[in-house]
Structures are given as C-alpha cells and as structure tokens.
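Chemist: what follows is a predicted protein model with its sequence.
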Amino acid sequence: MEELQNALDKKSLKFSTLPEKGRCLFAARDFSPGEVLLSENPYVCVPNKNKESPLCKCEWCFSTTNLKKCSGCHVIWYCSSKCQRSDWKLHSAECKVLSKVDKQRVNSLTPSLLLMVKLCIRRKLEIEKVIPTSATESYKYVEALVSHMSDINEKQLLLYAQMANLVNLILQCPDFQLNVKEIAENFSKLACNAHTICDGELRPLGTGLYPFISIINHSCLPNSVLVFEGRLAVVRAMQHIPKGTEVLISYVDIAGSTLTRQKALKEQYYFTCACSRCIKLGQSDDIRESAVLEGYRCKDSQCDGFLLRNSDDKGFICQQCGFLREKEEITNITIKLKSMSEKASALLSSGHKTEAIEAYKMIERMQLLLYQPFSISLMRNWETLIKIFMELQDWREALSYCRLTVPAYERAYPRSYPLVGLQYYMCGKFEWLLGETEAAVRSLTKALDILRVTHGTKSPFMVELVNTVEEARAEALYKLHSQVRD
Ligand SMILES: [Zn+2]
Ligand SMILES: [Zn+2]
Ligand SMILES: [Zn+2]
Ligand SMILES: [Zn+2]
C-alpha cells in the first residue's frame, strides 16, 4: 500500500485503515469548495442498456450519436475511430471473446456480466503485460476492494455462482486463470463498489469500477460530491474541508429519514451508518425530521404540526394542537393510494399518458390529505408528473410542478447539493422556453451558483449552462431597456 500512499500524497490525500470504519481517505491540506480532491479513470466500465435508457451508447464515451458497430464482434458500438482506438488495447482481446459467443446470448448479457468479462480480460492483459500497470492502475487495487462475502445470503451467493459460471463459459477458461469462486467474489465486490456513471444532469449512462474512489466512505451529510465528466470520475469538495478531515461522499439518496437511509445502506453496502446525521437517531430533532419527511399531516388543514404515533397505538397525535388522526382513517387512505399508484404506473407503462396524468394528480390530492407538505412521497410524485409533462413538451405544466419541488428539495437535501442545483436548472430551462426571461435568469443563476461548485465549469454541460445564463441575462437587460424606451 506504500505505492498507493505515494500516489495519494501527490494529491494531498492520506489513506488510512481504521478498525471501526475500514479504509478511509483524509484531506492532507485544506480544500476549498469546488476544488477537485480526486479524479480517476475507470479500471473497467460498460454503458447501461435497460428500459430507462434503451439507446445504444459508445463503449468509450457513452455518446448516443454517430454510432457504428465494431466490425469484429458486432456487439459493441463506437461513435468515432478515436473512441475505438482508445478502447482497442482492452477490446481487441474482448472482441475475440465476444465474437465466439452465440449472438442471441451476447445480446442478453447484462451490463454487470459484461463488466465482469472486461474485468477478467483486463487482469489477463496485465499479467501478459499487454496493458501496463501503474501506481494508480492495477488489478491489485481490485483485489483490495471490500467484498462482504460473509454477509451475503445463500440465494445471492447462488446467483453470483451462476453468473460466475456464465462468465467462465464466455471466457472459455482455463485461459483466464480465474476460478468460479474468485469471479463470484468479484461480483459481490462490484455490487458494493461499482459506481453508476451519470451525465451532468445525473441521468445514468453506465457502470464503472473506480478502485481509488471506492476508498471514500459514505456520509448522509457528505462534504464532497462525485460527478462524472464522460467516463472520468471527479470528486469535488462541496464545502471547506479542513486538513485532517475525512473525505465523504454519499452512496445512496440522502433524502429520507434516518431509518430509511440506514436501511438502504445496510441492504446494499452491509454497514450501519454512524455519520453525523445518523448518530442523532431517536433524538428529538431526528424524530421531528423523520415526521416531516415521511410522517402524516395534522387533521386540521390550518395546522402545520407534525404527528407522532400515540402510545395506545390507536392513531397519531399532532404535536402542536393535540388532534388525533385515527389509525383506521390513515389505513384507508393508504390502501386507496396504493391501488391508485399501481393503476397510474400501469397506465404510464402502457403509454396512456393523459390518463396517467389524471391518476398521478389524484395521487397528489390523496398525498396532500395524508402527508406533510415537504414529504418525500409527494416530491417523488411531482417528479413523475414533471417527467410526463416534459415528454408531452407541456413546459407550462412541467414548470408549475418543478416550482413545487424546489422547496421540497431544499428541505430534503443540503443547501449546496447538486440535485438542488439541477432542480433550479430545470425550472430555469422551462422558464426560458416559456419566455419568462427574468425568472429564468434568477433560477439559472441559482443553479449556476450550486453547480459550479459540484460540477466545475469545464464540462460541456456546464459550458452550455454558463452560455444559457449569459444569453438569458443579455435578453433580460435588452427587455428592460426597451421597456424604459417605451
Ligand atoms: Zn465515443
Ligand atoms: Zn469488437
Ligand atoms: Zn448516515
Ligand atoms: Zn395540529
């Protein structure tokens, strides 16, 4: 690990292993908001292809335009010969493997299987010295990743073993000197170490393994953020990070109560979070926060008190006015909500958008009766409505729901969080499209203030944002001047 520390020294970071936390990364000097702490190219990565993102993507840069299939294997796509050349060292070996596999089987391979095939190939190419290892790129860092094999249940183990067998079949060992057990262990490593590669707007593009970034631990109140510029992963400080502080990012959605966050972390990453937010579990602040984000509202529509379960378990009591909401009434609305949600998503997936909108609006009305105005469920429902209105290019409706989400986002996430900036960005974009120039300037400026810290200023997404803000400001100024002249 001396080599690892030497590589980190150059970046003013310090690697440590603590008994209660395992591997950790610390700042070895002060970092300012927006400063890059660490950037890393993927050891291996694959584009995603699923229902949410059905388009084929370039294997190297994830672009969806000008794609051509590799003429060797007819499986992988590239947007340019430049991307193909960049990927060639690894793909030339992968190409031989994939072209031997039955076409139907290849097309049914999931991204995680393809990622594993790549991982095995890269390991082999390193052993054969076709791909050189370096202080920052080597299979030994993959070997050092946490696997949690002992925490995995039998069903999951069996699944990993089956997947490992399939990988073996594709690779046609013994060429690869990896046994099924090792591959299965690598699958469990991928499950808790692989990162979802996203575009500037945080829409998923693919999956990649970034062994250095995997050292960074989780917090539900992180001081740093991970974003991607193409395939490059970049970790930036979201706030001032003093020397000696642990660098922390979030692994899961940090909106939601402490119990919800802890459940998500336990299920995917097998640890109980003890971050600065989670250690408050059960304290009065934390109880109030959970009740606001996931609890019920007061029966009195004028009262904004939060409700807690009554000791006799007959219902929920408003902590402000003392009104009781009976369990039965809550259960009734919950049942109706559930069946309406099923109906709405069925309508949406069968393409009946107008009917789906009516159903989601009905859900909204029920949620407003049941939950607090800043509830996560309400926020998620509004997001769905925005998405449908965007598909219908109904910017007016999309904007009205987007405006509702902004305060909810600001309530659920830290102030400088990228998702808050992106929600302002979305509002600004709709306002711009609707010709509401002054409002657009306000929203886009707010977006820019947050996103220049989390995203930097150099990526194509940010360059475009900066340009739009300038354009909107110029137009607002022009409108103001022509008003003065009139
Ligand atoms: Zn490309
Ligand atoms: Zn090929
Ligand atoms: Zn936590
Ligand atoms: Zn009340």
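Modeler: Happy to help now that I have it. Ligands and ions are numbered 1, 2, ... in the order given.
Chemist: so where does residue 34 fall, helix or strand?
Modeler: Using DSSP states H and E, residue 34 maps to neither a helix nor a strand.
Chemist: quick one: low-confidence ranges for this structure?
Modeler: In the predicted model, the chain carries pLDDT under 70 at residues 1, 51-53, 173-177, 486.
Chemist: what parts of it come near ligand 2?
Modeler: Listed as neighbours of ligand 2 in the chain under the rule C-beta under 5 Å from the ion: 70, 72, 73, 95. Every C-beta, even on glycine, is put in place using the N, C-alpha and C of the backbone.
Chemist: which residue comes closest to the second one once chain neighbours are left out?
Modeler: This means residue 72. residue 95 (4.2 Å; C-beta to C-beta, 6 or more residues apart in numbering).
Chemist: how much space between the one you found and residue 150?
Modeler: Distance of residue 95 to residue 150, given as C-beta to C-beta, to the nearest Å: 37 Å.
Chemist: ok, back up a step: number of nearby residues for the residue nearest to residue 72?
Modeler: Residues within reach of residue 95, counting by other C-beta atoms under 10 Å, total 20.
Chemist: phi and psi next, for it.
Modeler: Note on residue 95: backbone dihedrals following degrees, to the nearest 10 are phi -60, psi -40.
Chemist: go on, residue 216?
Modeler: The phi/psi pair for residue 216 (degrees, to the nearest 10) is phi -70, psi 130.
Chemist: also residue 348?
Modeler: According to degrees, to the nearest 10, residue 348 has phi -70, psi -40.
Chemist: doesn't residue 356 make contact with it?
Modeler: Yes. At 4.2 Å, residue 348 and residue 356 qualify as touching, with contact defined as C-beta atoms under 8 Å.
Chemist: touching, the residue nearest to residue 72 and residue 70? I think so.
Modeler: Yes. Using C-beta under 8 Å, residue 95 is in contact with residue 70, at 6.3 Å.
Chemist: can you work out which residues contact both of those two?
Modeler: residue 76 (C-beta atoms under 8 Å, 6 or more residues apart in numbering).
Chemist: excluding chain neighbours, what is closest to the residue of the stretch 151-300 of the chain found nearest ligand 1?
Modeler: The stretch 151-300 of the chain approaches ligand 1 most closely through residue 230 (8.6 Å), counting by C-beta to the ion. Distance criterion C-beta to C-beta, 6+ apart; nearest residue to residue 230, sequence neighbours excluded, is residue 61 at 5.3 Å.
Chemist: that's a strand at that neighbour, yeah?
Modeler: No. Counting by DSSP: H, G, I helix; E, B strand; the rest coil, residue 61 falls outside a strand, being coil.
Chemist: how many other residues sit next to it?
Modeler: 17.
Chemist: quick one: residues contacting it.
Modeler: By C-beta under 8 Å, 6+ apart, the contact set of residue 61 is 79, 83, 230, 231.
Chemist: now, those residues that are in helices?
Modeler: Counting by DSSP state H, those place residue 83 in helices.
Chemist: neighbour-wise, which one of the contacts of residue 61 leads?
Modeler: For these, neighbours tallied by other C-beta under 10 Å; top is residue 231, 21 neighbours.
Chemist: I figured it hits residue 198, correct?
Modeler: No. Residue 231 lies out of contact with residue 198 (C-beta under 8 Å); the separation is 11.3 Å.
Chemist: what is the neighbour count of residue 397?
Modeler: 16.
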